[in-house]
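A.B. asks: structure of the sequence below:
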Amino acid sequence: MVDFVESKVRRQIKVRGDIYDTIANLIAKELPYGKGVDDAHAFLTNAVISALWCGWFSQAKANT
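C.D. replies: Predicted coordinates:
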C-alpha cells in the first residue's frame, strides 16, 4: 500500500496562492518522505484542510 501511494510523486506543487498548494508544500517540507509531494502528503493535506474547514464551520455557526 505504501509503495502504491509513494509511486504517485509530484516533485513540487507550484504555489499559485491556492491554499491547497501552500499547505502541501509546507507539509512536504516539514515531513519529508520521498522526493517530493506524493499521495501520502496529498492525503494529509486533505485532512488538514478538512479539519480547518470543520473548525471554521462550527465557529461560524456559533457566531450566528
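A.B. asks: could you pull out the helices for this structure?
C.D. replies: 2-6, 19-30, 39-63 (DSSP state H).
A.B. asks: where does pLDDT dip in this protein?
C.D. replies: 1-17 (pLDDT under 70).
A.B. asks: how far off centre is stretch 20-27?
C.D. replies: The chain centroid and the centroid of stretch 20-27 are separated by 5 Å under CA atoms, centre = their mean, to the nearest Å.
A.B. asks: which parts of it are buried?
C.D. replies: For stretch 20-27, the neighbour count (16 or more other CB atoms under 10 Å) marks 21, 23-25, 27 as buried. Heads up, the C-betas are built off the backbone N, CA and C, glycines and all.
A.B. asks: format those residues as TSV; extra columns: distance to N63.
C.D. replies: Shown next, in TSV, are the buried residues of stretch 20-27 (distance: CB to CB, whole Å):
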residue	distance to N63
D21	29
I23	24
A24	29
N25	31
I27	29
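A.B. asks: nearest to D39 among those residues?
C.D. replies: A24 (10.9 Å; CB to CB).
A.B. asks: need the residue closest to the centroid of this protein.
C.D. replies: T45 (1.5 Å; CA atoms, centre = their mean).
A.B. asks: that one touches A24, doesn't it?
C.D. replies: Yes: using CB atoms under 8 Å, T45 makes contact with A24 at a distance of 4.5 Å.
A.B. asks: count of neighbours near K29?
C.D. replies: 10 (other CB atoms under 10 Å).
A.B. asks: got the contact list for it?
C.D. replies: When contacts are counted by CB atoms under 8 Å, 6 or more residues apart in numbering, K29 touches no other residue.
A.B. asks: right, I'll call it a day here.
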